[in-house]
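In: From the sequence below, what's the structure:
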Amino acid sequence: MGIINIQTKIKNVIKFTKSFFLLRPRFLSTIFFIPILYGIGFALSQPFLFLNIEKENLSLISTIFTFLLFLFLLPYWFYIRHNISSSWVLIGITKNKFLKNFINFAKGILFALFLIILILLPLLQKNCISWIGEFSPSILLNSIVLGLGVGFAEEIIFRGWLIEELKFEYSIKISIALQAFVFSFVHNLSNEILWNIIGLRLGFILLGVFLSLVRIRDKGSLWSCIGIHGGLVGIWFFINNGLIEFKDSTPSFLAGPFTQNIPNPIGGFSAILILFLLCIFYAIKSKKIFSRTFN
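Out: Numbering: from 1, shown residues only. As a prediction, the model looks like this:
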């Protein structure tokens with residue numbers, strides 16, 4: 001009887017999942033998919049409270065559970081909703097052979113380093129940065145893990161799953177714009193100054209558009225986007241935790257809004273200008289940018 005009850009519960013879960021994936025209108029399941037997964041991930045993380053884990057670490061565990069659930073359900077999502085079995089090819093993870101994907105990933109990291117140098121140049125010219133030069137293996141490891149984790153997760157979700165899902169309902173232009181807005185507004189901002197908030201939101205929108213254009217240039221492959229996004233996060237974290245220090249007189253409009261003496265460059269004038277120019281350049285360069293698919 002116990003085995004029968006378990007099988008019945010599994011069938012009910014599968015039936016409910018299919019019903020949710022096919023919910024009408026379609027955008028409802030798209031909107032609630034990630035929040036529902038996060039709720040499940042949060043519930044799964046609660047037993048860790050008995051291990052006296054800090055609140056921030058518990059939130060990280062919830063996020064990890066959420067992303068693992070997302071990865072597990074992603075193939076079923078596209079198969080049930082659109083009868084597509086090659087979901088990893090569709091979102092650009094297995095678009096090419098391993099070597100080409102690795103090269104694209106490495107190029108993305110180098111491009112991220114180049115962007116960070118461009119952002120730091122005007123700050124160096126204005127003598128806003130002090131060199132500390134303290135190297136820590138643990139900081140380096142944290143930078144790598146953070147960059148890979150954020151780059152991989154957010155690119156699969158936004159430039160992979162979300163934009164492909166939107167393309168079934170809208171044109172490529174609208175899909176790029178919508179995912180960029182969602183990408184911007186899901187990022188929690190601790191800054192309460194209006195101009196800083198506007199700068200950060202605009203920076204995230206431009207980054208979302210730019211990464212979409214990069215993926216189109218790469219004919220659907222997601223690995224350059226992962227490298228760029230992960231590189232921006234990881235490299236910035238690394239250099240701001242021992243290598244350099246921003247002076248108190250550093251203008252936030254140039255470096256980006258500060259949080260605990262570390263600016264977020266995405267909201268600074270330099271990053272916004274660079275991303276805006278890159279979006280124009282990549283849009284012009286990609287002649288078939290507004291075709292229905294990435295192929």
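
In: quick one: low-confidence ranges for the stretch 1-150 of the chain?
Out: Residues of the stretch 1-150 of the chain meeting the criterion pLDDT under 70: 1-10.

In: now the stretch 151-295 of the chain
Out: Counting by pLDDT under 70, the stretch 151-295 of the chain has low-confidence residues at 191, 287-295.

In: Mind splitting the chain into its structural domains?
Out: Domain segmentation of the chain under automatic domain parsing yields 1-85, 93-295.

In: Among the ones you listed, show me which one is buried the most.
Out: Highest mean neighbour count of the domains of the chain: domain 93-295, a mean of 18 (counted as mean count of other CB atoms under 10 Å). Every residue, glycine included, has its C-beta placed from N, CA and C.

In: got a list of what Leu200 touches?
Out: His187, Leu189, Asn191, Gly256, Pro257, Asn264, Ile266, Gly267 (CB atoms under 8 Å, 6 or more residues apart in numbering).

In: do that again at 10 Å, thanks
Out: Applying CB atoms under 10 Å, 6 or more residues apart in numbering to Leu200 gives the contacts Ser184, His187, Leu189, Ser190, Asn191, Gly256, Pro257, Asn264, Ile266, Gly267, Gly268, Ile272.

In: now for these, which pair is the farthest apart?
Out: Spanning the widest gap among those are Ser190 and Ile272, at 19.2 Å by CB to CB.

In: and stretch 76-90, how far from the chain's centre?
Out: Its chain's C-alpha centre and that of stretch 76-90 lie 21 Å apart, by CA atoms, centre = their mean, to the nearest Å.

In: Mind listing residues that contact that stretch?
Out: With CB under 10 Å, 6+ apart, stretch 76-90 has contacts from 14, 17-23, 26, 29-30, 33, 70-71, 73-75, 91, 93-96, 156, 160-161, 164-165, 167-168, 220, 222, 293-294.

In: Just the ones of these in helices?
Out: Counted as lying in helices by DSSP state H, out of the contacts of stretch 76-90, are 14, 17-21, 26, 29-30, 33, 70-71, 73-75, 164-165, 167.

In: Please name the nearest non-neighbouring residue to Arg201.
Out: Ser184 (5.0 Å; CB to CB, 6 or more residues apart in numbering).

In: tell me the phi and psi of that neighbour?
Out: phi -70, psi -50 (degrees, to the nearest 10).

In: what's near enough to touch it?
Out: Ser184 neighbours (CB under 10 Å, 6+ apart): Leu200, Arg201, Leu202, Gly203, Phe204, Ile205, Leu206, Leu207, Gly208, Val209, Ile266.

In: Which two among these are spaced furthest apart?
Out: Leu200 and Val209 (15.2 Å).

In: just the strands in the chain please.
Out: For the chain, applying DSSP state E gives strands covering 129-131, 244-246, 258-259, 262-263.

In: could you dump those to a markdown table with distance to Gly151?
Out: Listed next are the strands of the chain as a markdown table, based on distance: least, CB to CB, whole Å:
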| stretch | distance to Gly151 |
| --- | --- |
| strand 129-131 | 25 |
| strand 244-246 | 22 |
| strand 258-259 | 20 |
| strand 262-263 | 19 |
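
In: of all the ones you listed, which lies closest to Ala106?
Out: It's strand 244-246; of these, that one is closest to Ala106 (CB to CB) at 24.1 Å.

In: Pairing partners for that closest one, with directions?
Out: With DSSP bridges as the test, strand 244-246 is paired with strand 129-131 (antiparallel).

In: centre of the chain versus the strand it pairs with, how much separation?
Out: With CA atoms, centre = their mean, you get 29 Å for strand 129-131.

In: Need the residues that contact it.
Out: Counting by CB under 10 Å, 6+ apart, Leu120, Leu123, Leu124, Ile239, Leu243, Ile244, Glu245, Phe246, Lys247, Thr250, Ala255 sit against strand 129-131.

In: and if we set it to 7 Å?
Out: Strand 129-131 has contacts (CB atoms under 7 Å, 6 or more residues apart in numbering) with Leu120, Leu123, Ile244, Glu245, Phe246, Lys247.
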